[in-house]
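Enquirer: this one's sequence-less:
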C-alpha cells in the first residue's frame, strides 16, 4: 500500500498524457501529412498537381448517418488523402508469402516503426505547459539514448531482408547494414563538438544554452542579451558548428534511408528493396516508420542546432500556457521546415552509387568530423 | 590502337559537389514556386477539362458506321471484318429485296458488331473500306459495366457515326 501511495502519480499521469498526446495528436498526423506533403511537393517540383481530389463526400457521409444529402462534398483540396490511404492499407489483403521466415517477417515491421517513435521520448518539444516540462523523459544521457535507439531501426530493415528469403530484399538489408556502419560513425562524431562547447548531453540543457548564447547555427538570435565577448566566442565557433551541422544533417539523411542515400530500397535496382515481399499494413509500417524516423531526425537537428522550441522574442511557458503552446508550435514549425528540406532534396538529387556512398562516408565525413572535433577543442582551449 | 580518353579536369568546386547540389536545389524550387504561383500550365484536370476541342482531324477514336441521307453506306463486303487484326468486327450480311431502291447494291449488313474490348483503334477498317462507310470518330471514352455492353451493335454504331456528307468517288461516277 505504501509503495502505491509513494509513487509519483503526478509524474506518471503527466508522462502518460504527454506520451499519448505527442504520439496521437502530433506525430502520427504529422507522419501521414508528411506523406501527403511528399506527394504534393514532388508533384509541384515536377510541374504536376499531385493528389488534390480527396474531399469529404457528403453523399457517403449522409448515407452512413442516415441522412439524404446531395451529391456534393466538403472541399479539402486533397487533404483527405491520408485518410483514404489509411483505409486502403487496412482493407488490403495482408499476405504472408509461404517462403518467408514467419517470426522475423512479422517482427521486422514493428522494429522499423518502434525505434523511430521511441526516440521522441527524450526530445524536448516545448518549454513548459502549466509548469510541466514538455519532454517525456528528461534524461541526462539524452543524445546517447537517441543514438542507441535510432540505431536499432536498422534491425527492422536487416530482418525484413533476411526473413523475406528472396534475393532483392536480402541485398537491400545487406546494403542497409553497411550503410549504417559507415554513417553512424560520422553521425556520432559530428555532434561531439557541440558537447565540447556546451558540456552537457541533456537535450533540455542544450536548448537552454542556445537560448542564452544564440542558436548554434544562427548565433545572432542572442544578439540583444549577450555581451560582446560572448558573441565573439560564438562567432569564432560558428564555422565549426556549421561543419558539424552539414555532416550531421547528411548523416541523418543516410540514417533515415532518404534519397540520395536510399540504397536499401533503390527501386530501380532492387525492385523495392527490403520491403519487396511486404503488403498491406506491414508495408505501411515500414513506410510510416521511414517518415517517423524523418520526424525524429528533424527534431534532433532542431534541438541540436536550431534552438529547439526557442524563437527570439517569444517567452517560454512560464509566461502563460498560451506561450507554452506557442513554443510547441514553434518547435514543430521548425521540424516541418526541415521535413520540407528532406522532401526538396529527395526530388532534386539522384541516388548515390554504392561505392560513392562508402567513399563519402568513410573518406570524407569520418575525417571531417574527426578533424572538426580537434579544431573545436583547440579553439575552446585557446579562448578559455 | 589504344586510345586513352582524357579525364576532364575538375575544379575544386566541381569536386566537392556542393555548388552543383545547390544549383540543382535552386532549379527544383523554381519549378515549385512557379507551380504555386500558377505560372506553369501543363496538367489538364481530366473530367472537368477535356481536350476534345483541340483533337486533331486525324485522331483515331472509336470506329463508327456512317449513313448517307437515305441509305446506309455499308454493303457488307466484310473487308473490315477480314482485315481487323484483333478480330473485333462481326458482320452478318443480308440481301436487299429486289424492289428496294438500292437493289443493285445487293447486300447490306443484317448485323454489324464491333467488340470495343478487342478494338485496338488501328484504323485499318477505315482504310480498307471501299465504300467509306466506317470511320474512326473522336469518341475515346468508351465505357460499359459488362462485356455485352462493350459490344457496339449496328444501331449504336449508326448513332455514333451519324450522317456523313461528302463525296464517295465511286458512287459519284455512277450517278
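Expert: Sure thing, it's come through. The shown structure was predicted, so the numbers you read here are calculated from the model rather than taken from an experiment.
Enquirer: and the strands in chain B?
Expert: If DSSP state E is used as the criterion, the strands of chain B fall at B:63-65, B:89-95, B:107-115, B:134-136, B:151-152.
Enquirer: tell me the strands beside the third one, with direction?
Expert: Pointing back at strand B:107-115 there. As defined by DSSP bridges, the strand partners of strand B:107-115 come to strand B:89-95 (antiparallel), strand B:151-152 (antiparallel).
Enquirer: for the first one, which outside residues touch it?
Expert: Taking contacts as C-beta atoms under 8 Å, 6 or more residues apart in numbering or on different chains, the residues outside strand B:89-95 that touch it are B:76, B:78, B:80-81, B:106-115, B:125. Any C-beta I mention is one placed from the backbone N, CA and C, and that applies to glycine too.
Enquirer: what residues does chain B have near chain A?
Expert: With C-beta under 8 Å from any C-beta of the partner chain as the criterion, chain B meets chain A at residues B:21, B:24-25, B:27-29, B:31-32, B:35-36, B:40, B:42-43, B:45.
Enquirer: which of the contacts of strand B:89-95 lies closest to chain A?
Expert: Closest to chain A out of the contacts of strand B:89-95 is residue B:115 (32.2 Å), distances taken as C-beta to the nearest C-beta.
Enquirer: for the stretch 51-200 of chain A, give me the ranges with low pLDDT.
Expert: Applying pLDDT under 70 to the stretch 51-200 of chain A flags the ranges A:59, A:61, A:66-73.
Enquirer: circling back: which one (most neighbours) among the residues of chain B next to chain A?
Expert: Of all those, the most densely surrounded is residue B:35 (23 neighbours; neighbours counted as other C-beta atoms under 10 Å in any protein chain shown).
Enquirer: what residues does chain A have near chain B?
Expert: Within chain A, the positions adjacent to chain B are A:41, A:44, A:45, A:46, A:47, A:48, A:49, A:344, A:345, A:347, A:348, A:349 by C-beta under 8 Å from any C-beta.
Enquirer: which secondary structure elements does the lengthiest helix in chain A contact?
Expert: When chain A is parsed with DSSP state H, its longest helix is helix A:228-255. On a contact count with 3 or more C-beta pairs under 8 Å, 6 or more residues apart in numbering or on different chains; DSSP states H and E, helix A:228-255 meets helix A:167-190, helix A:192-198, helix A:203-213, helix A:280-305, helix A:366-383.
Enquirer: what helices or strands is the helix or strand just after that helix leaning on?
Expert: Note on helix A:228-255: by DSSP states H and E, the next helix or strand toward the C-terminus is helix A:267-270. Using 3+ C-beta pairs under 8 Å, 6+ apart as the contact criterion, the elements in contact with helix A:267-270 are helix A:167-190.
Enquirer: flag every buried residue along the helix it packs on.
Expert: With burial defined by 16 or more other C-beta atoms under 10 Å in any protein chain shown, the residues of helix A:167-190 counted as buried are A:168-176, A:179-180, A:182-190.
Enquirer: which residues touch residue 52?
Expert: Picking chain A for this. Under the criterion of C-beta under 8 Å, 6+ apart, the neighbours of residue A:52 are A:40, A:77, A:78.
Enquirer: my question was about chain B, not that one.
Expert: Residues touching residue B:52, when contacts are defined by C-beta under 8 Å, 6+ apart, comprise residue B:138.
Enquirer: what about residue 75, neighbour count?
Expert: Since no chain was named, I'll use chain A. In terms of burial, residue A:75 registers 10 neighbours under the definition other C-beta under 10 Å.
Enquirer: my question was about chain B, not that one.
Expert: Applying other C-beta under 10 Å, I find that residue B:75 has 20 neighbouring residues.
Enquirer: lowest average confidence, helix or strand, in chain B?
Expert: helix B:169-174 (a mean of 52; mean pLDDT, DSSP states H and E).
Enquirer: thought residue A:329 was touching residue A:311, still the case?
Expert: No. Here residue A:311 does not reach residue A:329: they are 9.6 Å apart, not a contact under C-beta atoms under 8 Å.
Enquirer: neighbour count: those two, which is higher?
Expert: The residue with more neighbours, out of residue A:311 and residue A:329, is residue A:311; 18 against 14, by other C-beta under 10 Å.
Enquirer: check contacts around the residue nearest in space to the middle of chain B.
Expert: Nearest to the centroid of the C-alpha atoms of chain B, with distances taken as C-alpha atoms, centre = their mean, sits residue B:60, at 2.3 Å. The contact partners of residue B:60, by C-beta under 8 Å, 6+ apart, come to B:121, B:122, B:123, B:136.
Enquirer: of these - the most surrounded one?
Expert: Neighbour tally across the contacts of residue B:60 (other C-beta under 10 Å): the maximum, 20 neighbours, falls on residue B:136.
Enquirer: specify the beta-bridge partners of that one.
Expert: Under DSSP bridges, the beta-bridge partners of residue B:136 are residue B:63.
Enquirer: can you tell me how far it is from chain A?
Expert: Applying C-beta to the nearest C-beta, to the nearest Å, one obtains 30 Å for the distance of residue B:136 from chain A.
Enquirer: quick one: that residue and residue B:129, what's the gap?
Expert: Using C-beta to C-beta, to the nearest Å, residue B:136 is found at 11 Å from residue B:129.
Enquirer: which residues does residue 120 contact?
Expert: As the question left the chain open, I've gone with chain A. Residues A:22, A:23, A:27, A:136, A:295, A:296, A:299 are the ones in contact with residue A:120 under the rule C-beta under 8 Å, 6+ apart.
Enquirer: my question was about chain B
Expert: Here residue B:120 is in contact with B:85, B:86, B:88 (C-beta under 8 Å, 6+ apart).
Enquirer: 7 Å instead, please
Expert: Contact partners of residue B:120, counting by C-beta atoms under 7 Å, 6 or more residues apart in numbering or on different chains, are B:85, B:86.
Enquirer: over to residue A:134?
Expert: Residues in contact with residue A:134, defined by C-beta under 7 Å, 6+ apart, are A:124, A:125, A:126, A:127, A:128, A:328.
Enquirer: let's see that with 8 Å instead.
Expert: So residue A:134 contacts A:18, A:124, A:125, A:126, A:127, A:128, A:309, A:317, A:324, A:327, A:328 (C-beta under 8 Å, 6+ apart).
Enquirer: against residue A:24, how distant is it?
Expert: Summarising the geometry, the distance separating residue A:134 from residue A:24, computed by C-beta to C-beta, is 16 Å.
Enquirer: do the same with residue B:161
Expert: Counting by C-beta to C-beta - residue B:161 and residue A:24 are separated by 60 Å.
Enquirer: between the two, who's got more neighbours?
Expert: Applying other C-beta under 10 Å to residue B:161 and residue A:24 shows that residue B:161 carries more neighbours, namely 20 against 10.
Enquirer: thinking the more buried one is in contact with residue B:62, fair?
Expert: No. The pair residue B:161 / residue B:62 is not scored as a contact, 9.4 Å apart, by C-beta under 8 Å.
Enquirer: what is in contact with these two at once?
Expert: Listed as contacting both residue B:161 and residue B:62 by C-beta under 8 Å, 6+ apart are residue B:137.
Enquirer: what separates stretch A:350-364 from the chain centre, distance-wise?
Expert: Taking C-alpha atoms, centre = their mean, to the nearest Å, one finds stretch A:350-364 lying 22 Å from the centre of the chain it belongs to.
Enquirer: who touches that stretch?
Expert: By C-beta under 8 Å, 6+ apart, the surrounding residues in contact with stretch A:350-364 are A:175, A:178-179, A:182-183, A:185-186, A:254, A:259-263, A:266, A:268.
Enquirer: at 7 Å what do you get?
Expert: Counting by C-beta under 7 Å, 6+ apart, stretch A:350-364 makes contact with A:175, A:179, A:182, A:183, A:186, A:259, A:260, A:261, A:262, A:263, A:266, all of which sit outside it.
Enquirer: equivalent analysis for stretch A:193-202, please.
Expert: A:140-144, A:206, A:209, A:216, A:237, A:240-241, A:244, A:304, A:372-373, A:376-377, A:380.
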